[in-house]
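In: one predicted model, sequence on top.
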Amino acid sequence: MTTVLTPASPLTAADRCDRCGAQAYLRVVLASGGELLFCAHHGRKFEPELKKIAAEIQDETGRLTDPPASAGDDER
């Protein structure tokens, strides 16, 4: 998925997937206006269709594999 760096605020645990209610890691700003939020699973599932209608895609799925900032060196 293409990541677009925008001034949009980072997604938080309060942002939920519009499809299943899981934590959202993708924000899709629609060309027609409005936005959709998706978890990583549904973002991948709907990627081809989303690319056709999106003006911007904010992809934060990399956070799923990044070690936590508080992790010690032996935990990374």
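Out: Looks like it came in fine.
In: and the spatially most central residue of the chain, what does it touch?
Out: The residue at the geometric middle of the chain, judged as the C-alpha nearest the mean C-alpha position with Cα atoms, centre = their mean, is Leu26 (1.6 Å). Taking Cβ atoms under 8 Å, 6 or more residues apart in numbering as the contact definition, Leu26 lies against 1, 11, 37-40, 43, 57-61. For glycine as for every other residue, the C-beta is placed from the backbone atoms N, C-alpha and C.
In: where does pLDDT dip in this structure?
Out: For the chain, the stretches flagged by pLDDT under 70 are 1-7, 71-76.
In: in it, which spans are strands?
Out: Counting by DSSP state E, one finds strands in the chain at the ranges 26-30, 35-38, 54-59.
In: and of these, who's closest to Asp15?
Out: Among the strands of the chain, the nearest to Asp15 by Cβ to Cβ is strand 35-38 (5.4 Å).
In: tell me the buried residues in that closest one?
Out: Using 16 or more other Cβ atoms under 10 Å as the test for burial, strand 35-38 gives 36-38.
In: can you list those in CSV and add distance to Lys51?
Out: Converted to CSV, the buried residues of strand 35-38 look like this (distance: Cβ to Cβ, whole Å):
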residue, distance to Lys51
Leu36, 13
Leu37, 16
Phe38, 13
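In: tell me how far Asp59 lies from Glu47.
Out: Distance from Asp59 to Glu47, counting by Cβ to Cβ, to the nearest Å: 10 Å.
In: apologies, that question was intended for Ala55.
Out: Using Cβ to Cβ, one obtains 15 Å as the distance from Ala55 to Glu47.
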